[in-house]
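1. Sequence unavailable; structure follows:
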């Protein structure tokens with residue numbers, strides 16, 4: 001049982017024309033083509049989103065995380081010159 005051939009395709013097209021009319025078939029085909037294009041574009045967009053998410057996840061995994069006890073920035077050291085100037089004024 002394979003794909004329909006010669007006379008079977010002609011019969012299918014004839015039945016479609018009788019059911020939907022000759023003017024509706026081109027509109028339906030156009031609509032089907034537009035739907036297929038939109039579907040392909042969305043599928044590509046989803047694939048790009050997945051790749052971006054994987055890339056962001058791998059970047060987060062490579063970046064070393066700080067432990068809870070470590071400060072995010074080192075404490076600022078007081079300038080030695082300011083201390084010396086304050087002592088001289090007193």
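-> Received it, and whenever you're ready, just let me know what you need. Given the structure is predicted, the values throughout are model-derived calculations rather than measurements.
2. Would you state the helices of this protein in chain order?
-> 6-20, 24-62, 80-89 (DSSP state H).
3. need the least confident one among those, by mean pLDDT.
-> Least confident of the helices of the chain, judged by mean pLDDT, is helix 80-89 with a mean of 62.
4. picking that back up, with mean neighbour count as added columns, please give the helices of the chain in TSV.
-> For every residue, glycine as well, the C-beta is placed using N, CA and C. Shown next, in TSV, are these (neighbours: other CB atoms under 10 Å):
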stretch	mean neighbour count
helix 6-20	10
helix 24-62	10
helix 80-89	8
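5. and residue 62, how far is that from residue 49?
-> 21 Å (CB to CB, to the nearest Å).
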